[in-house]
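J.: Sequence and predicted model, in that order:
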Amino acid sequence: MKAAFPRPSVRALSNKPPTPYRVARFVSRTSNAKSSLAADSTSSLWHQTPPPKKPSSSPLAKLPLSSVLRSLLILSVSSSSILLKPCIYTLSALAHPKTALLDVAKNPLLNLLVKHTLYKQFNAGENKLEVLRSINAIKQLGYRGVLLGYAREVLVGECNTDPRDEKAGRKEIKMWLDGTLQTVDMAQEGDFVALKFTGMGTQALHYLQQQAAPSPFMDHAIQQVCDLAISRNVRLLVDAEEQAVQPGIEEWTMKYQKYCNSRTPSKATFYNTYQAYLRSTPTTLAKHLETSRREGYTLGVKLVRGAYLKTEPRHLIWMKKEETDECYDGIVEALLTRRYNAMLKPASSKHTTELPPVNVIIATHNRESVRKAHALRLQQVCLGGSLDVELSYAQLQGMADEISCELLEGFQTAESESDEKVPLYEAPNVYKLLTWGSVKECMGFLLRRAVENTEAVGRTKQSQEALLNELKRRARSAVGLGK
């Protein structure tokens with residue numbers, strides 16, 4: 001089977017080999033985290049993208065003008081305290097329509113309006129042709145690949161069928177299976193496919209709430225998805241959801257991590273998602289690491305901050321945002337160095353230092369967390385440390401484009417000893433998360449994106465400012481006033 005990540009030499013990662021001193025200066029400006037480097041063999045973490053001969057004048061320069069304008073318009077609404085609440089109210093009405101007039105599946109004019117604005121900003125398409133066009137456009141910008149998800153889901157409190165109705169349950173599972181197999185089929189080698197177990201319908205939701213094992217019919221459906229993904233060299237990751245179902249999701253995920261990752265022992269094919277805003281996450285992750293060590297496979301970890309702050313019981317979440325940031329960055333440091341630390345402590349007294357094999361996706365729109373992680377990787381490259389943790393970065397389509405584009409350029413903003421700009425370039429694996437499905441199926445996803453922005457007004461304003469500066473730069477360039 002062809003390897004998803006070819007192994008270039010470290011020497012090819014930069015135009016000018018960075019010295020430890022220069023990297024140390026870069027690290028000191030982006031992170032105060034202390035790193036202990038494990039002395040293991042280098043793995044295939046970097047894809048062979050030739051380093052640019054000259055850094056672009058702006059990371060966002062690679063985006064088409066239509067994308068910049070649409071993003072700026074939507075972010076302007078998201079960052080407005082006056083406009084955001086009516087926008088969320090409207091999206092909620094569209095996601096749960098009470099009349100045909102507000103149903104995007106029944107009102108063609110409304111469908112057209114939503115599809116060419118919000119839907120186009122955050123979603124990949126409604127069919128294979130549209131989705132493949134979106135994937136190709138993403139990769140042409142320089143991204144390593146995509147995290148592609150099927151939008152179908154059933155939320156807690158929205159059940160409208162009896163979980164004991166076996167016939168209806170099988171029909172819902174079959175719909176999920178067909179859509180998920182299509183998703184795996186559309187993904188390309190090295191891409192990820194995001195799974196939502198709640199997409200299997202009311203019966204699956206009931207099983208997850210009860211923390212019961214999947215039924216034989218559910219198990220067979222999930223195994224079909226796993227087998228197809230392995231045959232196509234596509235990775236799978238399970239999205240985190242509300243705490244009403246998350247413990248059940250974690251039990252199912254560990255079952256299929258073993259099923260998939262034991263067959264590909266040198267890498268993770270199946271990933272779980274961990275939410276750093278939960279107080280329990282370090283303990284949960286430590287237990288899962290110990291399980292993977294005991295059962296002999298590589299654990300797949302996708303780390304996010306969390307997307308259900310409005311609905312989760314407050315006592316389960318860190319009281320302050322700074323605590324969530326500390327949790328996120330502490331876990332990242334432990335995973336990348338494969339050393340337990342004050343945040344991620346071992347679940348067993350037998351293993352107090354080194355973590356078992358792990359693959360990591362840093363999925364965040366927080367610029368500081370991304371820069372800290374990237375700086376740590378540069379430090380490991382330059383000081384000859386361990387690179388045996390396969391690392392990827394991911395942001396949602398239509399969000400945090402300035403962070404994604406900076407990553408594509410390797411954050412070429414480090415300064416030399418004389419404060420001159422120097423290119424410290426590497427080619428990290430950067431992905432965009434795309435969700436596909438009909439406009440109707442994606443309404444719940446779009447509503448969550450709007451709610452998420454209410455919890456991240458500061459970050460939204462930063463993105464808005466970056467896009468506005470890019471638009472000004474293009475205007476100046478168009479009239480010959482420089483870049």
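T.: That came in fine, so what should we check first?
J.: how close does T99 get to N107?
T.: Using CB to CB, to the nearest Å, T99 is found at 9 Å from N107. Every C-beta, even on glycine, is put in place using the N, C-alpha and C of the backbone.
J.: between those two, which one's more packed in?
T.: Per other CB atoms under 10 Å, whichever of T99 and N107 has more neighbours is N107, with 17 against 9.
J.: distance of the more buried one from L94?
T.: Look at N107 and L94: by CB to CB, they are 10 Å apart.
J.: In its sheet, which strands sit next to the longest strand belonging to the chain, and in what direction?
T.: The residue-count maximum for a strand in the chain (DSSP state E) belongs to strand 429-436. Sheet partners assigned to strand 429-436 using DSSP bridges are listed as strand 123-125 (parallel), strand 145-150 (parallel), strand 391-396 (parallel).
J.: Distance from that strand to the middle of the chain?
T.: Offset of strand 429-436 from its chain centre (CA atoms, centre = their mean, to the nearest Å): 7 Å.
J.: Specify the angle between the helix or strand just after that strand and strand 145-150 in degrees.
T.: Counting by DSSP states H and E, the next helix or strand C-terminal to strand 429-436 is helix 439-454. Relative orientation of helix 439-454 and strand 145-150, computed by axes from the mean of the first three to the mean of the last three CA atoms, to 10 degrees: 120 degrees.
J.: Give me the helices and strands touching helix 439-454, please.
T.: helix 81-95, helix 108-114, helix 120-122, strand 123-125, strand 429-436 (3 or more CB pairs under 8 Å, 6 or more residues apart in numbering; DSSP states H and E).
J.: for these, which one ends up most surrounded?
T.: strand 123-125 (a mean of 25; mean count of other CB atoms under 10 Å).
J.: From the chain's centroid, how far away is it?
T.: How far strand 123-125 lies from its chain's middle: 16 Å, per CA atoms, centre = their mean.
J.: what does the very next helix or strand once past it contact?
T.: Using DSSP H and E, the helix or strand that follows strand 123-125 towards the C-terminus is helix 128-140. The contact list for helix 128-140, computed with CB atoms under 8 Å, 6 or more residues apart in numbering, reads 124-125, 145-146, 148, 182, 186-188, 191, 397, 432, 434, 436.
J.: show me the contacts for T180.
T.: T180 makes contacts with 150, 193, 195, 199, 225, as judged by CB under 8 Å, 6+ apart.
J.: Which pLDDT does the model give it?
T.: pLDDT, T180: 95.
J.: Check the one 4 residues further on too.
T.: For V184, the model assigns a pLDDT of 97.
J.: State the phi and psi torsions of it.
T.: phi -60, psi -40 (degrees, to the nearest 10).
J.: you'd agree it is up against F192?
T.: No: applying CB atoms under 8 Å as the test, V184 and F192 come out as separate, 10.2 Å apart.
J.: so what sits against both of those two?
T.: Common neighbours of V184 and F192, using CB under 8 Å, 6+ apart, are V234.
J.: returning to that earlier point: now render the helices and strands packed on helix 439-454 as TSV, adding mean pLDDT.
T.: Formatted as TSV, those follow (pLDDT from 0 to 100):
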stretch	mean pLDDT
helix 81-95	85
helix 108-114	94
helix 120-122	90
strand 123-125	94
strand 429-436	94
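J.: need these in a markdown table with distance to R473, can you?
T.: Converted to a markdown table, the helices and strands packed on helix 439-454 look like this (distance: least, CB to CB, whole Å):
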| stretch | distance to R473 |
| --- | --- |
| helix 81-95 | 26 |
| helix 108-114 | 30 |
| helix 120-122 | 21 |
| strand 123-125 | 28 |
| strand 429-436 | 22 |
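J.: Out of the ones you listed, the one nearest A363 is which?
T.: Each of those has some distance to A363 by CB to CB; the shortest is strand 429-436, at 7.3 Å.
J.: ok and the closest one relative to helix 128-140, angle-wise?
T.: Using the same axes, to 10 degrees: strand 429-436 against helix 128-140 is 160 degrees.
J.: Output the contacting helices and strands for the one helix or strand K461 maps to.
T.: Element membership of K461 [criterion: DSSP H and E] is helix 457-478. Using 3+ CB pairs under 8 Å, 6+ apart, the elements in contact with helix 457-478 are helix 65-78, helix 401-408.
J.: which one of these has the lowest average pLDDT?
T.: helix 65-78 (a mean of 86).
J.: Mind giving me the packing neighbours of that helix?
T.: When contacts are defined as 3+ CB pairs under 8 Å, 6+ apart, helix 65-78 packs onto helix 81-95, helix 120-122, helix 457-478.
J.: For the longest one, which outside residues touch it?
T.: The contact list for helix 457-478, computed with CB under 8 Å, 6+ apart, reads 57-58, 60-61, 63, 65, 68-69, 71-72, 75-76, 78-79, 81, 365-367, 399-402, 453, 482-483.
J.: same check, this time on the shortest one
T.: With CB under 8 Å, 6+ apart as the test, helix 120-122 has contacts from 70-71, 74, 396-399, 435, 442, 445-446, 449.
J.: List buried residues within those.
T.: 70-71, 74, 396-399, 435, 442, 445-446, 449 (16 or more other CB atoms under 10 Å).
J.: returning to what we had before: lowest-confidence member of the contacts of T180, which is it?
T.: The lowest pLDDT within these belongs to G199, with 89.
J.: if we can go back for a sec, reformat the buried ones among the contacts of helix 120-122 as CSV; add distance to S215.
T.: Listed next are these as CSV, based on distance: CB to CB, whole Å:
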residue, distance to S215
R70, 43
S71, 43
I74, 41
L396, 32
Q397, 34
G398, 36
M399, 36
T435, 26
C442, 28
F445, 26
L446, 31
R449, 32
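J.: With only the CA atoms kept, save stretch 320-338 in CSV.
T.: Taking C-alpha atoms only, stretch 320-338 is exported to CSV below (Å, rounded to 0.1, in the frame of the first residue of the first chain):
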residue,chain,number,x,y,z
LYS,A,320,-12.0,30.3,32.6
LYS,A,321,-11.0,30.4,29.0
GLU,A,322,-7.3,30.6,30.2
GLU,A,323,-7.8,27.2,31.8
THR,A,324,-9.0,25.7,28.6
ASP,A,325,-6.0,27.3,26.8
GLU,A,326,-3.6,25.8,29.4
CYS,A,327,-5.3,22.4,29.0
TYR,A,328,-5.0,22.5,25.2
ASP,A,329,-1.4,23.6,25.0
GLY,A,330,-0.3,21.3,27.8
ILE,A,331,-1.8,18.3,26.1
VAL,A,332,-0.3,19.3,22.8
GLU,A,333,3.2,19.6,24.4
ALA,A,334,2.8,16.2,26.0
LEU,A,335,1.7,14.5,22.8
LEU,A,336,4.3,16.1,20.5
THR,A,337,7.2,15.3,22.9
ARG,A,338,5.6,12.0,23.9
